[in-house]
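**Q** sequence and computational prediction follow.
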Amino acid sequence: MPVGSDSPPIATRSAGTFSLAELVGDLGGELIGAADAVMTRIGPLDSADAQTLSFLAHPKYRRQLELTRAGCVILSPDAASGLEGRCGIVTPNPYLYFALATQWWARRIRPSHSAGIHPTAFIAPGALVAPSATVHAFSCVEAGAVIGDGAAVGPYAHVGEGARVGEGTRIGSHVTLGYGCTVGRFGLIHGGVVIGADGFGFAPTGGADSRWEKIEQLGAVRIGDHVEIGANTCIDRGALDDTVIEEGVKLDNLIQIGHNVHIGAHTAMAGCAGVAGSARIGAHCTVGGGAIVLGHLTVADHVHISAASVVMRSITKPGQYSGVFPLDDNVSWEKNAATLRQLHGLRSRLMAIEKKLN
Amino acid sequence: MPVGSDSPPIATRSAGTFSLAELVGDLGGELIGAADAVMTRIGPLDSADAQTLSFLAHPKYRRQLELTRAGCVILSPDAASGLEGRCGIVTPNPYLYFALATQWWARRIRPSHSAGIHPTAFIAPGALVAPSATVHAFSCVEAGAVIGDGAAVGPYAHVGEGARVGEGTRIGSHVTLGYGCTVGRFGLIHGGVVIGADGFGFAPTGGADSRWEKIEQLGAVRIGDHVEIGANTCIDRGALDDTVIEEGVKLDNLIQIGHNVHIGAHTAMAGCAGVAGSARIGAHCTVGGGAIVLGHLTVADHVHISAASVVMRSITKPGQYSGVFPLDDNVSWEKNAATLRQLHGLRSRLMAIEKKLN
Amino acid sequence: MPVGSDSPPIATRSAGTFSLAELVGDLGGELIGAADAVMTRIGPLDSADAQTLSFLAHPKYRRQLELTRAGCVILSPDAASGLEGRCGIVTPNPYLYFALATQWWARRIRPSHSAGIHPTAFIAPGALVAPSATVHAFSCVEAGAVIGDGAAVGPYAHVGEGARVGEGTRIGSHVTLGYGCTVGRFGLIHGGVVIGADGFGFAPTGGADSRWEKIEQLGAVRIGDHVEIGANTCIDRGALDDTVIEEGVKLDNLIQIGHNVHIGAHTAMAGCAGVAGSARIGAHCTVGGGAIVLGHLTVADHVHISAASVVMRSITKPGQYSGVFPLDDNVSWEKNAATLRQLHGLRSRLMAIEKKLN
């Protein structure tokens, strides 16, 4: 007989409903149409049905508005005339309103966990866990660690000695928060993240048969409030000073942040990006997926690095920067790549011709 | 005294043997030579000895056949004349036969685990674990989750609320299968994989000091049958709809799959590749190691992306596509890279010369 | 009431002190100035105060020496005249001395764990754990595994059947050491590392609707002494033979090492690098962050690959190699990248002009 079959299964995504009046009552916006219309989901315009709340991010996609079957569309005043009898919520920033609506909806449908410590968790003597915090199955909170009010520590998370998790922050499964490292308030750390592993620092012993002598990493990691960190991302502890992630930073999955990096507030980085040791990235930057920032560089505020680009020098001016070999069919690429290896010589030949002709 | 020293050690790689007759009896193929010849391992031609079963993937490597000491070689009819007295198994597709032989051998030598739930595991009330399934040490299966017949849940794996693991699927150590996510039948998920972390979705609040407002990720991840996923790979849950991995897909290690991505059947992706949100990759594609597919693109069936290449536009035709800066000695690269930054200007100068000469 | 509040918190980074005489007594070097001067930290020159021990890695940074407030500076004989009354430790290789000083200091300030097995750990019958080894919370050591003298197995680490951890090696949290894999002596494996997941090997069944037939990975992973492996890095087991990491290798975070790769002694690889199957990298190499080495290639000893570069052919000569598209502002990049796709044609046009003019 299957284990646990005598207990009722628990629906994890409730088939909940909400009325437009409830939503607008909480989030504001101008409601056009029936306030008692009932929605069952939030969805994109193209797969929406009559019980779907959808959104039009920008008036330029207005053609989609004509085709959608959505029961209600969040849109800007410019686009409201396109509703043609459908329900709508008019707001100056529809995409932001949509984001807030997903939060509002998630709070209603997601299973809530009551605070408390799971019986399989291990809380070491000398750890402080707020009574309103939740500690999930098999978590381990070491001595001197502090788990703040309303925070949650996921299954198999390891909170090292003296580490601190701020108020309301949720730590996912299998996360490592190394000794002495701190995460601020209202953060979200996804599964498998490793915060506070040693930075990569070695001194060569020298000579042709040089070995690497370890530089012990004596700093920690300090993470601000409202930071989200994606699955399996790694943030190394500093060598001497700390690695710092400022408030509001959003890091996607599988990102590598080297020791002593400093990432400014509200900067967002997409998956597989890497920042080498001691680089300093400004505030309000974006870094595309797979992009790499080399060590010891400085990147100004409001800089945007395209996906898969490599920052090899410091950037002092805001703007969009790119550096990617363009994709082509393989035969064309082979020819162009081979020619690229002669490019400097071709330039010289071009200059020789110019000289001859002038 | 060491712990557990009073129990006998268990050999994990048995020094087993097999006869060619047994193998050919189960897998077919034409056996040339002594059916009672006994093999102790499967190995490559160059390190083979008289008890090694080896294979010749393609007749063009025939020279290796002359040099090998292998006791038996799997090869095609074209190459069989090269056996010259050695044992051989003749089959139209030697590489495929070799694959099947490794499976046959692994079933014989690997330790088998009896079904059941390890005493350290935690099965929440309301979880369903098939009696023929195996749950390893410290696993956690949450309420509403279902573990299918003959499936195995590895040590420290976390199967979230309402998640489903199909018949015969093996989940490795430290895997996270998020709430409401599903994995089909006969799959293999390696250690550290995170399925169902939040997709990377935020709405900017706007202005020079813009913050990021979270878009709650309301979808899940659906994975088909016969899918293999490599260590520490991440597959994010969808924003509104689900992220979908179709049957027979093979993903290597450290791959990032963004929210709402759709990967077609029997597509294979090598390590460190990344697919950004809402990209749609066709069936029977291959994506090389470290390649990146940008978001919202469509890639047709039977497309092959070379390693480290970046797909920046949709691809509608089958074929091989590449885009990598060719490696060179550092001095040459510096010259060519500097010239590349003037390339558009050089083209203009070339055109000016052409105009002058015509 | 918070859990554990009746136990005293434990300081994880002690506010310890040391005198220069103690340090020089243990590590050597020529002490200039007051031997009884007391230091409280090791830090970089620019943030140093009078209780900070700092270092001048190279005489060319001598200007920093004038500006620092460091209480003592480790420097070379060439730079010693710049001390101007400050304390100094004169040594031929200041950076190496600094590395040794961090180790000396870390041994003094870090909390030491007494040997033994945490009550929440699971040691299977038939596992051998040396009495001087430490097994942390929720670790699992399977049958036939051996944990050597003074080794430490971190929280949630899974040591598979027949795996071996050498003397003094420390295994971090959530590490997977697969069945039959071995790690040598005095190593350090950081959190989330997966050693011994299956290599990525499949045989296509053939035809337009080809599926992938798994090649069971029958080899293991062998890791030498003094190897450090960064967080969430993956090293796959070999297909037929073993994957081999030789002594003294240093791997950073989020690195992918494919099956049957061989990495020579004292080679160091930075974060996000990837090495595809059966590649053979020599000894004393360095591989920059995000660089990729394709499969089946050979890289000679003393080769240095720049960050984000792709090795597509074997390298037989020592030296520095690079291949990265240079970053530019986005508008310039677009023009140059578009022109690059015509480069081979431009070369032909250049050659036509040369022919006409000669």
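**A** Arrived safely, thanks for sending.
**Q** looking at the closest residue to chain C within the stretch 51-200 of chain A now. What's its pLDDT?
**A** Of all residues in the stretch 51-200 of chain A, A:Gly162 sits closest to chain C, at 3.4 Å by C-beta to the nearest C-beta. All C-beta spots, glycine's among them, are computed from the backbone N, C-alpha and C. In this model, A:Gly162 is scored at 97, pLDDT.
**Q** with A:Val3 instead?
**A** pLDDT, read off for A:Val3, is 41.
**Q** before we move on, back to that, the residue of the stretch 51-200 of chain A closest to chain C is in contact with A:Leu177, isn't it?
**A** No. Using C-beta atoms under 8 Å, A:Gly162 makes no contact with A:Leu177, being 10.3 Å away.
**Q** which one's more surrounded, these two?
**A** The neighbour count for A:Gly162 versus A:Leu177, taken as other C-beta atoms under 10 Å in any protein chain shown, is higher for A:Leu177 (30 against 24).
**Q** what are the phi and psi angles of the more buried one?
**A** phi -110, psi 110 (degrees, to the nearest 10).
**Q** show me what counts as buried in the helix-or-strand element of chain A with minimal mean pLDDT.
**A** One helix or strand of chain A scores below all others by mean pLDDT, DSSP states H and E: helix A:62-67, with a mean of 89. Judged by neighbour count (16 or more other C-beta atoms under 10 Å in any protein chain shown), helix A:62-67 contains these buried residues: A:64-65.
**Q** list the contacts for A:Gly288?
**A** A:270, A:273, A:304-309 (C-beta atoms under 8 Å, 6 or more residues apart in numbering or on different chains).
**Q** which of the residues you listed fall within strands?
**A** Taking DSSP state E, the ones among these that sit in strands are A:304-305.
**Q** now the two most distant members of the contacts of A:Gly288.
**A** A:His304 and A:Ala308 (13.6 Å; C-beta to C-beta).
**Q** neighbour count: those two, which is higher?
**A** Remark: of A:His304 and A:Ala308, A:Ala308 carries more neighbours, 30 against 16, as counted by other C-beta under 10 Å.
**Q** chain C versus the more buried one, what's the distance?
**A** 9 Å (C-beta to the nearest C-beta, to the nearest Å).
**Q** likewise for A:Gln217?
**A** 8 Å.
**Q** cool, and A:Thr243?
**A** 12 Å.
**Q** pretty sure A:Gly206 sits in a helix.
**A** No. With DSSP: H, G, I helix; E, B strand; the rest coil as the criterion, A:Gly206 is assigned coil and is not in a helix.
**Q** any low-confidence regions in chain A?
**A** When residues are selected by pLDDT under 70, those of chain A lie in A:1-15.
**Q** do a quick rundown of the helices in it.
**A** A:20-27, A:62-67, A:94-109, A:330-340, A:343-357 (DSSP state H).
**Q** want to throw the ones you listed into a markdown table with distance to chain C?
**A** A markdown table is the format used below for the helices of chain A (distance: least, C-beta to the nearest C-beta, whole Å):
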| stretch | distance to chain C |
| --- | --- |
| helix A:20-27 | 33 |
| helix A:62-67 | 27 |
| helix A:94-109 | 23 |
| helix A:330-340 | 4 |
| helix A:343-357 | 6 |
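**Q** so which of these gets nearest B:Pro155?
**A** helix A:94-109 (31.0 Å).
**Q** quick one: the closest one near chain B?
**A** Yes. Counting by C-beta under 8 Å from any C-beta of the partner chain, contacts between helix A:94-109 and chain B involve A:95-96, A:98-100, A:102-103, A:105-106.
**Q** now that helix: buried residues?
**A** A:94-102, A:104-105, A:109.
**Q** can you check stretch A:289-303 too?
**A** Quick answer for stretch A:289-303 (16+ other C-beta under 10 Å): A:289-295, A:297, A:299-300, A:302-303.
**Q** just give me the closest of the residues you listed to B:Ala35.
**A** Of all the buried residues of stretch A:289-303, B:Ala35 sits closest to A:Gly290, with 53.1 Å by C-beta to C-beta.
**Q** separation between that closest one and C:Thr205?
**A** With distances taken as C-beta to C-beta, to the nearest Å, A:Gly290 is found 32 Å from C:Thr205.
**Q** equivalent analysis for A:Ser132, please.
**A** Taken as C-beta to C-beta, the span from A:Ser132 to C:Thr205 is 56 Å.
**Q** ok, A:Ala145 next?
**A** A:Ala145 sits 52 Å away from C:Thr205, going by C-beta to C-beta.
**Q** the two: which is more packed in?
**A** A:Ala145 (30 against 14).
**Q** is it true that the more buried one touches A:Glu161?
**A** Yes. Contact criterion C-beta under 8 Å: A:Ala145 and A:Glu161 qualify, at 6.5 Å.
**Q** anything in contact with each of these two?
**A** The overlap between the contact sets of A:Ala145 and A:Glu161 (C-beta under 8 Å, 6+ apart) is empty.
**Q** and the stretch 251-358 of chain A, which of its residues are near chain B?
**A** Counting by C-beta under 8 Å from any C-beta, the stretch 251-358 of chain A sits next to chain B at A:252-254, A:266, A:268, A:270-272, A:284, A:289-290, A:302, A:307-308, A:324-330, A:333-334, A:337-338, A:340-344, A:346-347, A:350, A:353-354, A:357.
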